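**Q** turn this into a model:
(one chain, ligands or ions: 1)
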Amino acid sequence: MTRERHLSFGGVTRQVLIAGGGLGGLAAGVACTRAGWDARLYEQAAQFSEFGAGIQLGPNATRILQGWGLGRELELVAAFPPWLRVRRAADAAPLGRLRLGPAFASRYGAPYATVHRADLQGLLLGAARQAGVHLKLSSRVMAVLPSSDAIGLRIAGDLEVEGDALIGADGLWSAVRSQVCSDGPPAFTGHLAYRALAVQADLPAALRSPEVTVWLGERLHVVAYPVRRGEWLNVVAIVEGKAPGRVEDWDQAAAGAELLRALGRQCAPLQDLVRAMPNWRLWALHDRPPMASADEMVRGRAVLLGDAAHPMRPYFAQGAGMAIEDAAALGGTLAMAADAGLDVPLALRRYALKRWERCARVQERSRRNGRIFHATGLMRWGRDLSLRLLGETLLDQPWLYRGPAR
Ligand SMILES: Cc1cc2nc3c(=O)[nH]c(=O)nc-3n(C[C@H](O)[C@H](O)[C@H](O)COP(=O)(O)OP(=O)(O)OC[C@H]3O[C@@H](n4cnc5c(N)ncnc54)[C@H](O)[C@@H]3O)c2cc1C
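**A** Residues are numbered from 1 along each chain as shown. I've put the predicted structure just below:
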């Protein structure tokens with residue numbers, strides 16, 4: 001057994017251990033080093049790689065990236081759609097729209113961006129490396145080893161490491177979570193996400209788009225948006241169904257024909273889009289109920305961040321956004337703790353107290369959006385009417401996009 005002790009006391013740099021190197025873990029590494037902490041990140045995969053899929057980022061998240069000096073790099077890789085349009089899946093009828101683009105960016109002081117996950121990861125990975133985060137690959141966290149004045153991790157391959165604080169950023173199936181709260185595994189939502197990416201130039205002209213388009217149908221919805229400076233199109237189709245074999249496997253091959261069957265009879269442009277997209281992949285969506293207290297995010301020297309803390313349905317497009325917000329809040333709290341000479345567990349509790357209500361609200365709204373998006377009968381009729389009358393007001397979310405209260 002190799003034992004690395006990184007702990008330090010007496011005003012010397014403090015060390016934080018980060019379990020997981022997804023978008024949340026990398027963002028945490030950047031934020032903690034900016035706060036003056038030494039960050040050591042342990043990722044189970046042999047290399048940093050992201051799934052071929054897109055991410056929408058509201059101004060609440062892009063503002064933080066700008067604050068970390070990543071605004072210019074984001075501009076180089078992302079797309080900045082001018083509109084979000086909602087259409088009925090059955091007949092393509094327009095239901096509502098929200099102007100994005102420069103007007104939206106100046107309203108919120110940061111843009112609405114759509115980005116390839118690998119590009120966002122590349123950006124955060126570059127920033128983490130530059131900040132001096134120690135990045136350890138092929139390092140699966142097997143166990144948390146708490147003690148009174150430190151916290152440790154057992155890493156696969158007989159390594160034990162120790163630090164002043166631990167961030168569980170190890171995603172939906174978090175191993176660190178059981179150290180913080182014992183509420184079992186996340187639950188299957190009954191919803192399946194099919195995802196595909198295509199180079200826009202390879203698609204028929206009528207299917208190319210610089211906008212975010214949301215198609216609402218009965219018990220289904222489809223979202224399409226550009227990524228990679230607008231050169232690629234990302235499509236996500238959500239239908240209701242049974243979980244496929246291995247639920248922990250995010251990324252399974254799927255057939256477009258199977259998705260077309262699940263979508264049923266929808267308008268021609270939507271069916272054409274599904275037929276034209278290559279290489280569909282399938283995800284079984286899981287979540288947890290909205291958090292009920294800060295205790296679900298912190299215990300002693302361990303905190304949770306991102307999907308490990310508050311996995312949510314993607315119907316508000318904010319899972320990664322909340323992980324980035326968590327990282328920024330944690331960095332701010334740790335910097336303040338160092339200045340004020342605050343005890344580490346107390347500082348971590350402050351972070352959880354700052355974050356849990358906002359994240360719980362986003363979890364709840366994500367579930368509610370799912371019910372609204374998939375509505376049938378009278379509820380669907382009411383939704384369509386409200387969107388036609390109040391589209392912009394309903395689609396804009398100032399409480400969310402302005403970012404958390406300071
Ligand atoms: C269909 C779909 C669409 C989405 N769209 C959006 C969107 O538009 N906007 C948005 O903001 N969010 C979106 N999300 C949500 C977003 O993808 C997640 O919230 C975000 O990726 C969570 O990041 P994370 O770092 O917390 O977790 P993850 O990305 O899951 O990263 C966890 C990391 O931890 C590692 N790990 C796990 N266990 C261990 C261990 N024991 N030891 C070491 N490492 C470990 C994993 O390998 C992984 O690298 C979407 C999600 C889905 C499913």
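**Q** compute the number of surrounding residues for the spatially closest residue to residue 47 that is not a sequence neighbour.
**A** The spatial neighbour of residue 47 that comes closest, neighbours along the chain excluded (CB to CB, 6 or more residues apart in numbering), is residue 137 at 6.2 Å. C-betas here are computed from N, CA, C, even on glycine. The burial count assigned to residue 137 is 13, neighbours taken as other CB atoms under 10 Å.
**Q** so who does residue 105 touch?
**A** For residue 105, the residues meeting the contact criterion (CB atoms under 8 Å, 6 or more residues apart in numbering) are 59, 80, 111, 112.
**Q** and the pLDDT at the residue in the stretch 1-150 of the chain that the ligand sits nearest to?
**A** Taking CB to the nearest ligand atom as the measure, the stretch 1-150 of the chain has residue 22 as its residue closest to the ligand, at 2.1 Å. The confidence metric pLDDT takes the value 97 at residue 22.
**Q** give the contact list for the residue nearest to it when sequence neighbours are not counted.
**A** Spatial nearest neighbour of residue 22, excluding adjacent residues (CB to CB, 6+ apart): residue 171 at 5.7 Å. Going by CB under 8 Å, 6+ apart, residue 171 touches 20, 22, 24, 306, 307, 308, 311.
**Q** go with 6 Å
**A** Counting by CB atoms under 6 Å, 6 or more residues apart in numbering, residue 171 makes contact with 20, 22, 307, 308.
**Q** quick one: the third one and residue 274, what's the gap?
**A** So that's residue 307. Here the criterion is CB to CB, to the nearest Å. By it, residue 307 lies 27 Å from residue 274.
**Q** and if you look at the second one?
**A** The gap separating residue 22 from residue 274 is 28 Å, by CB to CB.
**Q** with the first one instead?
**A** In this structure, residue 20 and residue 274 are 33 Å apart, going by CB to CB.
**Q** any regions of the stretch 201-350 of the chain where pLDDT drops low?
**A** Low-confidence segments of the stretch 201-350 of the chain (pLDDT under 70): 245-253.
**Q** re the thing from before, out of the contacts of residue 171, which are buried?
**A** Among those, those that count as buried by neighbour count (16 or more other CB atoms under 10 Å) are 20, 22, 307, 308.
**Q** contact partners for the third one?
**A** Same thing as residue 307. Going by CB under 6 Å, 6+ apart, residue 307 touches 171, 172.
**Q** what's the burial count for residue 257?
**A** Residues near residue 257, counting by other CB under 10 Å: 11.
**Q** are we agreed that it is in a helix?
**A** Yes: note on residue 257: a helix contains this position according to DSSP: H, G, I helix; E, B strand; the rest coil.
**Q** relative to residue 267, how far out is it?
**A** Distance of residue 257 to residue 267, given as CB to CB: 18 Å.
**Q** now residue 192
**A** Plainly put, residue 192 is 21 Å away from residue 267 if you go by CB to CB.
**Q** can I assume residue 319 is in contact with residue 312?
**A** Yes: applying CB atoms under 6 Å as the test, residue 319 and residue 312 come out as touching, 5.5 Å apart.
**Q** so for the two, which sits in the more crowded spot?
**A** Here residue 319 and residue 312 are compared on neighbour count by other CB under 10 Å; more neighbours surround residue 312, at 25 against 22.
**Q** so which helix or strand takes in the more buried one?
**A** For residue 312, there is no host helix or strand (DSSP states H and E).
**Q** again with residue 92
**A** Assignment of secondary structure by DSSP H and E places residue 92 within no helix or strand.
**Q** what of residue 39?
**A** Short version, using DSSP H and E: residue 39 is in strand 38-42.
**Q** helix or strand right after that strand?
**A** Per DSSP H and E, the first helix or strand lying C-terminal to strand 38-42 is strand 54-57.
**Q** hmm, back to that, for residue 192 and residue 267, indicate the residue with more neighbours.
**A** residue 192 (23 against 17).
**Q** the more buried one against residue 241, yeah?
**A** Yes: taking CB under 6 Å as the contact criterion, residue 192 and residue 241 are neighbours in contact, 5.0 Å apart.
**Q** between these two, what contacts are shared?
**A** By CB under 6 Å, 6+ apart, no residue touches both residue 192 and residue 241.
**Q** distance-wise, check the residue nearest to residue 22 relative to the ligand.
**A** As for residue 171, its distance to the ligand is 3 Å (criterion: CB to the nearest ligand atom, to the nearest Å).
**Q** quick one on the thing from earlier: and the ligand, is the strand holding residue 39 touching that?
**A** Yes: applying CB under 6 Å from any ligand atom, one finds strand 38-42 touching the ligand at residue 42.
**Q** what's the average pLDDT for that strand?
**A** Averaging pLDDT along strand 38-42 yields 97.
**Q** report the buried residues of it.
**A** Within strand 38-42, the residues that qualify as buried by neighbour count (16+ other CB under 10 Å) are 38, 39, 40, 41, 42.
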